[in-house]
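J.: Here is my input; please provide its structure:
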Amino acid sequence: MGYPMAGHLARAGHRVTVYNRTLARAEAWLAEFGAAHGSAGADTPAEAARGADFVFSCSGNDDDVREVACGPEGAFAGMAPGACFVDHTTVSAELARELAEEGEPRGIACLDAPVSGGQAGAEEGALTIMVGGDETAYERVRPLLACYARKQLRMGPAGAGQLTKAVNQICLAGLIQSLSEGLHFARRVGLDAEQVVEVISQGAAGSWQMKNRASSMLEGRFDFGFAVDWMRKDLDIALREARRSGASLPVAALVDQLYAKLQARGGGRMDTSSLIELLESEA
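T.: Okay, here's the model as predicted:
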């Protein structure tokens, strides 16, 4: 997702320096955007961040972000006082607060800014961004976020963006399981499932998932989209936070275990809508 997001910044006329742990991806990005927009590549996060007013990170998990930001060759090592670090990775609120504390004595403002909208949203510049951190820093970075976001909002202090993303994933998990059960039920009782979707999608049951995933679910296509492995990572963050806060998440906990079954069957890289496969196989 970082590839198209960085592309939108370059198209908007900003000079972008890119680093990726997989060199081939950075080279492909530079071949597409570098020459026309004056962008460049770097060998380390520190080199990419040197002289930058804003540094954007889009990685995998807490350990990845901690290394990219705070490692020996991390971005913080190259950032000057007054620069802003914006992390688009979905990580724990605990890490977001840790980065904010690490950046403060260096004069670096840190914003946790997880995104929703998937690969398609990143490519279309239509992501939703939920932000935690200093309000002044957020106001500075807003015009840049607008290059690839349809909606953005500061939710509160450091960690608030990540907690809001956890809410998003909790809601999403329940929606996908409900849609899976509905489509599975339609088939088992002899209905034309595509016709069912056509009519109920215009009523109260309609959702983004139904509009964008129902057809591929019925076709049994799951080799795209947001991987089960990443969803389990996100639900683990939400469930750990729930245990700390005393929140009750029975549906999220159940769906997390269903995703664990998919992983055990080798489906970790399949789209999250593959939950329907469990119902079909068990029936």
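J.: Quick check: phi and psi at the closest residue to Ala93 other than its chain neighbours.
T.: Closest residue to Ala93 apart from its sequence neighbours, by Cβ to Cβ, 6 or more residues apart in numbering: Gly159 at 3.4 Å. For every residue, glycine as well, the C-beta is placed using N, CA and C. Dihedral angles of Gly159 (phi, psi; degrees, to the nearest 10) stand at phi 100, psi -20.
J.: Can you give me the separation between Gly159 and Ser59?
T.: Remark: distance between Gly159 and Ser59 (Cβ to Cβ, to the nearest Å) = 17 Å.
J.: What number of residues are in the vicinity of the residue nearest to Ala93?
T.: Neighbour count of Gly159, defined by other Cβ atoms under 10 Å: 23.
J.: any idea how far Ala28 is from the closest residue to Asp87 other than its chain neighbours?
T.: Nearest non-adjacent residue to Asp87, counting by Cβ to Cβ, 6+ apart: Ser57, 4.7 Å away. To Ala28, Ser57 is 19 Å away according to Cβ to Cβ.
J.: Settle it for me: which of those two has more neighbours?
T.: Counted by other Cβ under 10 Å, Ser57 and Ala28 do not tie: Ser57 has more neighbours, with 23 against 13.
J.: quick one, phi/psi of that one?
T.: Per degrees, to the nearest 10, the backbone of Ser57 is at phi -120, psi 140.
J.: which residues touch it?
T.: Contacts for Ser57 (Cβ atoms under 8 Å, 6 or more residues apart in numbering) come out as Pro45, Val65, Val68, Ala69, Ala75, Phe85, Val86, Asp87, His88, Thr89.
J.: Next one: the residue nearest to Ala205 when sequence neighbours are not counted from Thr272, what distance?
T.: Nearest non-adjacent residue to Ala205, counting by Cβ to Cβ, 6+ apart: Gly182, 7.6 Å away. Separation of Gly182 from Thr272 (Cβ to Cβ): 16 Å.
J.: Distance from whichever strand or helix holds Glu241 to the middle of the chain?
T.: If you go by DSSP states H and E, Glu241 is part of helix 228-245. Per Cα atoms, centre = their mean, to the nearest Å, the displacement of helix 228-245 from the mean C-alpha position of its chain is 13 Å.
J.: That helix: what's the following helix or strand?
T.: The element immediately downstream of helix 228-245 (helix or strand, assigned by DSSP H and E) is helix 250-264.
J.: list the helices and strands that next one packs on?
T.: With contacts taken as 3 or more Cβ pairs under 8 Å, 6 or more residues apart in numbering; DSSP states H and E, helix 250-264 sits against helix 160-188, helix 228-245, helix 275-282.
J.: Please work out which of those helices is packed deepest.
T.: Ranked by mean neighbour count under mean count of other Cβ atoms under 10 Å, the helices and strands packed on helix 250-264 are led by helix 160-188, which reaches a mean of 20.
J.: any idea how the chain splits into domains?
T.: Structural domains annotated on the chain: 2-156, 164-282, as defined by automatic domain parsing.
J.: export the ones you listed to CSV and tack on mean pLDDT?
T.: As requested, those are exported to CSV (pLDDT from 0 to 100):
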stretch, mean pLDDT
domain 2-156, 96
domain 164-282, 97
